[in-house]
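In: Build me a structure from this.
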Amino acid sequence: MTPHIDVEHITLAFAGKHASLTVLDDVSLTLAKGEFVVLLGPSGCGKSTILNLIAGFTPVRQGRILCAGRPVKAPHPSRGMVFQQPNLFPWLSVLDNVTFGARMAGRKKAAADADANAWLDRVGLNGFGQHAPWQLSGGMKQRVALARAWLPDPEVLLMDEPFGALDAQTRMMMQELLRDAWRQTGTTILFVTHDVEEALFLADRILVMSARPGNIVEEVVLPFGRDRDIETLAQAPGYSHIKQQVLHRVRAEARRHML
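Out: Model (predicted):
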């Protein structure tokens, strides 16, 4: 089966004043259609850079990236991006924030509004379409960002620590909401986080990255199935062992990064 996302032998360096800085070193990874994969690794290892390359924000200089068999050369609506901050326009209503990209692409407002309201209902924001962003909590703003990213019906969602700034309880609720939406849509997701427990709840597979220059050093296929309960997952057979394995590898790479 052809991978939905195929990252092949990507090496990326940025020029510096005295020497170039190699961020990624011969990175290869694949995602099957509808798969949820989490990238874990120490700060500065290139996780976000991989997302930016797949999104088309950063040009590929060495290696290649394919999405559905086609080379990635620029941003495209088939690949959505969700950032740590929701980045809402404060002068627009919630509904207009969600539909902004669709309207700029020429979609009729009535059709975009109808789909946006359906997504707002799905993420628990029914009735908030005419609110301003400043009237929302942090978790509510991030739900708006999720609705905005999913509105164009992307084939792929790239998520860069989208819940990292939220409190623990809101974060768990957002994780559950994300899993429910993913299971309903079948979207292919590549998700960056520093949180091992978040990765264990969300992912089909976890890819652990090395310290800079980043590379994939370990793959962990999770055996828990997709019908997970966030309150009882820790009691699942093998959970503690897998958590210790992943945490040990991530910490070892983080220590190496500091040396």
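In: Can you name the next helix or strand after the helix or strand harbouring L51?
Out: Remark: L51 resides in helix 47-55, with elements defined by DSSP states H and E. Where DSSP H and E defines the elements, the next helix or strand beyond helix 47-55 is strand 64-67.
In: picking that back up, so what touches the helix holding L51?
Out: 5, 7, 10, 12, 23-24, 27, 29, 39-41, 58, 60, 65, 67, 72, 75, 79, 81, 156, 158-160, 190, 192, 209, 214 (C-beta atoms under 8 Å, 6 or more residues apart in numbering). (Each C-beta comes from the backbone N, C-alpha and C, glycine too.)
In: ditto for stretch 250-259
Out: So stretch 250-259 is contacted by 40-45, 196, 208-212, 217 (C-beta under 8 Å, 6+ apart).
In: Tell me which of the residues you listed fall in strands.
Out: L40, V208, M209, V217 (DSSP state E).
In: Of the contacts of stretch 250-259, which pair is most distant in space?
Out: Within these, V196 and R212 form the most distant pair, 19.9 Å apart (C-beta to C-beta).
In: export the contacts of stretch 250-259 to TSV and tack on neighbour count?
Out: What follows is the contacts of stretch 250-259, written out as TSV (neighbours: other C-beta atoms under 10 Å):
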residue	neighbour count
L40	26
G41	28
P42	23
S43	12
G44	16
C45	26
V196	21
V208	23
M209	26
S210	21
A211	21
R212	20
V217	16
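In: Can you point out the buried residues in the longest helix seen in the chain?
Out: Looking across the chain with DSSP state H, the single longest helix is helix 239-258. Neighbour-count burial for helix 239-258, counted by 16 or more other C-beta atoms under 10 Å, picks out Y239, I242, K243, Q245, V246, R249, V250, E253, A254.
In: Please spell out the segments of the stretch 151-259 of the chain that come in under the pLDDT threshold.
Out: 257-259 (pLDDT under 70).
In: the helices in this structure, which residues?
Out: So, for the chain - with DSSP H - the helices run 47-55, 94-104, 109-122, 138-150, 168-185, 196-202, 239-258.
In: Any idea which of those helices gets closest to K17?
Out: Going by C-beta to C-beta, the one of the helices of the chain nearest K17 is helix 47-55, 19.9 Å.
In: Could I get the CA-only coordinates of the closest one as PDB?
Out: The C-alpha trace of helix 47-55 is given here as PDB (Å, rounded to 0.1, in the frame of the first residue of the first chain):
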ATOM      1  CA  LYS A  47       9.900  17.900  15.300                       C
ATOM      2  CA  SER A  48       8.200  21.200  14.300                       C
ATOM      3  CA  THR A  49      10.600  21.500  11.300                       C
ATOM      4  CA  ILE A  50       9.300  18.100  10.000                       C
ATOM      5  CA  LEU A  51       5.700  19.500  10.300                       C
ATOM      6  CA  ASN A  52       6.700  22.600   8.400                       C
ATOM      7  CA  LEU A  53       8.300  20.600   5.700                       C
ATOM      8  CA  ILE A  54       5.200  18.400   5.200                       C
ATOM      9  CA  ALA A  55       3.000  21.400   5.300                       C
END
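In: Look up how far D115 lies from the spatially most central residue of the chain.
Out: Centroid check for the chain by C-alpha atoms, centre = their mean gives M159 as the closest residue, at 1.7 Å. Distance, M159 to D115, using C-beta to C-beta, to the nearest Å: 21 Å.
In: same check, this time on T99
Out: Plainly put, T99 is 8 Å away from D115 if you go by C-beta to C-beta.
In: More neighbours: the two, which one.
Out: T99 (26 against 18; other C-beta atoms under 10 Å).
In: Show me the beta-bridge partners of F36.
Out: F36 has these beta-bridge partners by DSSP bridges: I189.
In: Check whether N126 really touches L120, as I assumed.
Out: Yes - counting by C-beta atoms under 8 Å, N126 sits close enough to L120 to count as a contact (6.1 Å).
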